[in-house]
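A.B. asks: Mind folding the following:
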Amino acid sequence: MKKITLLSTLLCSSFFVCSEETDTTLNAYAAGYVANFTCSATFNAGKSKDQIDIDELTGIYPLIADTVKTLKANIDTEHKRVIVDYDKDKQRISVWRPRLGCVDLPVGASLKAATLVQAPFKENLAYQKDDGKPWQTLNGVNKATGNKALDEVIAQAFTRHYGEGARTSAILIASPEAILAEQYKAGFTPETAQRTWSVAKSIGASIIGVAVAQKRLDVTKPAGLESWSHPLDPRGEITLENLLHMASGLDSNKAGNRTDRVYMGGGLVSDTATHTALEVKPGSRWKYANNDTMLALRTLRETFNDEASYLRYPYDNLLDKIGMQHTFLESDWQSDFILSSQVWTTSRDLARLGLLHLNNGRWQGEQILPKDWLSYISKPAPAQPPVTAPGYGAQWWLYNERFPELPNDTIAARGNRGQFLVIIPSEQLVIVRRGYDLAGLNGFSEHDFTRDVLKALGKVSH
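C.D. replies: Here you go, the predicted structure:
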């Protein structure tokens, strides 16, 4: 345990900012990490234990990495749950639900509690092999494209050419008409789901977009969360747009992407994200914060009267409509989606989301997103990240004048360990890269890869 304490002290005093968790809490986080990733990779993705050990449990968050190596996951295939013992007499449990993936029970919960987890989907859809529709699949999976320059760029993506810590699992390049290129690492297929990490934020924004199109939400109005409803509470002024812009003004510690209690500790969105205080005026500061995304979806949640209706909403109104049937939106144990990170999906499903945006929110004759949603998410927020990073719109990153080698309208969903969905409307192009990049090393450069793909396709930067 002294090794963990020393490591956490060093990290908290340098790059990471922590709240000085006890050894017991850190061990619970590590056990929760193993339980969740083993559960999701087993039942969402159909991966083997060896694949999970290599892909999901190595090269990870250094605060828990050493402890994770010492833990064993017990996979209960009959009841579709995973149990991880730690500290001799304690357990962490993750339970799988059809279509919703795995939910982590809180620290201290027993197996008896697993029977209380709500499952509004009684069974999965009858999945068929993904044939690439609505695209024509030109060259098939893991085959040469016929474009020597493009084949070379893709081959380099599976090496460390685009980053010392890069470990690519999938590349997919598509136009509205065809999948132009599709490559997977050994053991992966088009049906192999993988965690999106923060690409989930852009999926969450798309769900918000559906609710805006249906007039269930208005981005310009206050979020209206019940916990902020007292007339003395200044957080009542935070709009949904502030949350989408990462400009809530709320305290999210120095590192706003560190939400370990929800991600690994079985904590609730309603116990964490909703209870922080204002630091600055809403809209006046850009700060990347997982809580802002979770709060945006909590805003949607509070428009529903029951949990089951909310859990079904994204599937009935977005995912199933565009064929994202290999996508699992995971939630906490009180049914708040953790759409800042915890989504499992495939490259083709992500490409479908990209195609929906290229089509200005229209799919097979139905307007699913507002007609101007692409313009809305692509408009720079009033407060912006430092100029060394891409710009920011509404839960999407913007490669505008900050990256002159790319078309000015390039946007991207970006996630930990090298997850990228790049959309280039002017070129009618979608680029997906999935990976298991190693923590602490330079990850995959989506900017350089996108630039090289455009060159290989004969596209001219705008």
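
A.B. asks: Could you name the helices and strands sitting against the helix or strand where D448 lies?
C.D. replies: Using DSSP states H and E, D448 sits within helix 446-456. Helix 446-456 is packed against helix 148-157, strand 410-415, strand 419-424, strand 429-435, with contacts defined by 3 or more CB pairs under 8 Å, 6 or more residues apart in numbering; DSSP states H and E. The C-beta positions use only the backbone N, C-alpha and C, and glycine is treated the same way.

A.B. asks: so which of the ones you listed gets nearest G132?
C.D. replies: strand 429-435 (12.9 Å; CB to CB).

A.B. asks: ok so, going back, specify the angle between the helix holding D448 and helix 148-157 in degrees.
C.D. replies: Angle between the axes of helix 446-456 and helix 148-157 is 160 degrees (criterion: axes from the mean of the first three to the mean of the last three CA atoms, to 10 degrees).

A.B. asks: The stretch 101-250 of the chain: helices as residue ranges?
C.D. replies: In the stretch 101-250 of the chain, the segments counted as helices under DSSP state H, counting those that start in this stretch are 148-157, 199-213, 240-244.

A.B. asks: Determine the set of other helices and strands touching the helix or strand following the shortest one.
C.D. replies: Sequence order places helix 260-263 as the next helix or strand after helix 240-244, per DSSP H and E. If contacts are counted by 3+ CB pairs under 8 Å, 6+ apart, helix 260-263 sits against helix 269-272.

A.B. asks: okay, the helix it packs on in CSV with CA atoms only?
C.D. replies: Only the C-alpha atoms of helix 269-272 are listed here, as CSV (Å, rounded to 0.1, in the frame of the first residue of the first chain):
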residue,chain,number,x,y,z
VAL,A,269,-23.9,11.7,-11.1
SER,A,270,-26.5,13.2,-8.8
ASP,A,271,-24.1,12.9,-5.8
THR,A,272,-21.1,14.5,-7.5
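
A.B. asks: Can you list the neighbours in contact with that helix?
C.D. replies: With CB atoms under 8 Å, 6 or more residues apart in numbering as the contact definition, helix 269-272 has outside contacts at 227, 259, 261-262, 291, 294-295, 297-298, 332, 334, 336, 338.

A.B. asks: got it, and stretch 290-299?
C.D. replies: Contact with stretch 290-299 is made by 198, 200-201, 204-205, 207-208, 217, 223-225, 238, 240, 242-244, 246-248, 250, 252, 256-259, 262, 269-270, 272-274, 276, 336-341, 395, as judged by CB under 8 Å, 6+ apart.

A.B. asks: Return the set of buried residues in the biggest helix by length in the chain.
C.D. replies: Using DSSP state H, we find that the single longest helix of the chain is helix 23-43. Using 16 or more other CB atoms under 10 Å as the test for burial, helix 23-43 gives 25-43.

A.B. asks: Also stretch 274-290?
C.D. replies: So stretch 274-290, judged by 16+ other CB under 10 Å, has buried residues T274, T276, P282, G283, W286, K287, Y288, A289, N290.

A.B. asks: same deal with stretch 384-398?
C.D. replies: Result for stretch 384-398 [16+ other CB under 10 Å]: buried residues Q384, P385, P390, G391, Y392, G393, A394, Q395, W396, W397, L398.

A.B. asks: of the contacts of helix 269-272, closest to D130?
C.D. replies: I338 (25.2 Å).

A.B. asks: pLDDT score for that closest one?
C.D. replies: The per-residue pLDDT reported for I338 equals 98.

A.B. asks: The one 5 residues further on now?
C.D. replies: Confidence at V343, expressed as pLDDT, is 98.

A.B. asks: again with M324
C.D. replies: Reported pLDDT for M324: 95.

A.B. asks: Next: the one 4 residues further on.
C.D. replies: At F328 the predicted local distance difference test score is 97.
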